[in-house]
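Asker: Return a 3D structure for these sequence lines:
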Amino acid sequence: EKSSQQPEKTGLTIEQMKSKIAVNVEPKDILITPNKAVHSGKNSNGKGKVVIVSPQTQLDNGCIAEYFVYSKLIERYGKVKWISGNAQKVLNLTDVDDSKGFDMIYIDEDNNERFVEVKSSQDKSVKIKISKNEVETGLENSNKYDIHFVNLNENQEPVKYSRIKNFFEFQEGEDFFNNSKFHVETDNYDIRAKISDMDD
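Answerer: Numbering: from 1, shown residues only. Predicted coordinates for the structure are as follows:
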């Protein structure tokens, strides 16, 4: 049953979100290669500035992207289980769990189970923020864990929809930090240490 209430943590109403996804954008499988950050104020293609959005807009974008991907998967496969917290906000679903490490699950045309993690950006390059839980889940299920990446325009409407299949499946000798698919970088680190008494 669908809800007409405004999502708790997003600034857009459900009706506004529905209007955003009413676009004719079809999925495309893509391959990716590492792309180290360029700290020059331009995006990775050297064209234009990197898009900076507020935390509120990021929440909205994530919700729009998930709803868009869910709708596309429903059209193609008929049955999709949307389990992230956004499913509760948009469709008032109660069987949700943000601790699973992915957003959706479905059975593909070959009768294989697929895990879907949705990422979005208003930037032109593929820059993904991914949690430790998502990484661990992806590595444990590398043969069925896909990233669905949605590019949004300045009006928060999907303009490009890409699937990176088996995102965590690497070639022999590669791992999460060193591989031929992507480059990992972080803005901060968690430092853990044990405090011991010091003798004067």
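
Asker: Let me see the contact set for the residue most central in space within the chain.
Answerer: The centroid of the chain falls nearest to Lys119 when counting by C-alpha atoms, centre = their mean (1.9 Å). By C-beta atoms under 8 Å, 6 or more residues apart in numbering, the contact set of Lys119 is 65, 128-130, 147-150. (Glycine included, C-beta is placed from N, CA and C.)

Asker: List just the nearest of those to Gln58.
Answerer: Lys129 (9.0 Å; C-beta to C-beta).

Asker: Would you agree Val184 is in contact with Asp175?
Answerer: No. Contact criterion C-beta atoms under 8 Å: Val184 and Asp175 do not qualify, at 10.0 Å.

Asker: the more surrounded of those two?
Answerer: Set Val184 next to Asp175 and count neighbours by other C-beta atoms under 10 Å: Val184 wins out with 12 against 9.

Asker: Quick check: buried residues in stretch 89-104?
Answerer: By neighbour count on 16 or more other C-beta atoms under 10 Å, the buried set for stretch 89-104 is 89-91, 93, 96, 100-104.

Asker: what is the rounded mean pLDDT of it?
Answerer: In this model, stretch 89-104 carries a mean pLDDT of 93.

Asker: For that stretch, list the C-alpha coordinates in CSV.
Answerer: Extracted in CSV, the C-alpha atoms of stretch 89-104 (Å, rounded to 0.1, in the frame of the first residue of the first chain):
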residue,chain,number,x,y,z
LYS,A,89,9.4,6.1,3.2
VAL,A,90,8.2,5.8,-0.4
LEU,A,91,5.9,2.8,-0.5
ASN,A,92,5.2,2.5,3.3
LEU,A,93,6.7,-1.1,3.3
THR,A,94,7.4,-2.5,6.7
ASP,A,95,9.7,-5.4,5.9
VAL,A,96,12.8,-3.3,5.6
ASP,A,97,16.3,-3.8,6.9
ASP,A,98,19.2,-1.3,6.2
SER,A,99,21.7,-3.7,7.8
LYS,A,100,21.6,-6.2,4.9
GLY,A,101,24.3,-4.4,2.9
PHE,A,102,22.2,-3.9,-0.3
ASP,A,103,19.0,-2.2,-1.3
MET,A,104,17.0,-4.7,-3.3
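
Asker: where's Asn111 relative to Gly62, distance?
Answerer: Note on Asn111: its distance to Gly62, by C-beta to C-beta, to the nearest Å, is 30 Å.

Asker: When the two are compared, which one has more neighbours?
Answerer: Gly62 (21 against 6).

Asker: wait, what's in contact with the residue nearest to that one when sequence neighbours are not counted?
Answerer: Counting by C-beta to C-beta, 6 or more residues apart in numbering, Ser120 is the residue found nearest to Gly62 once chain neighbours are left out, at 5.8 Å. By C-beta under 8 Å, 6+ apart, the residues touching Ser120 are 61-62, 64-65, 149-152.
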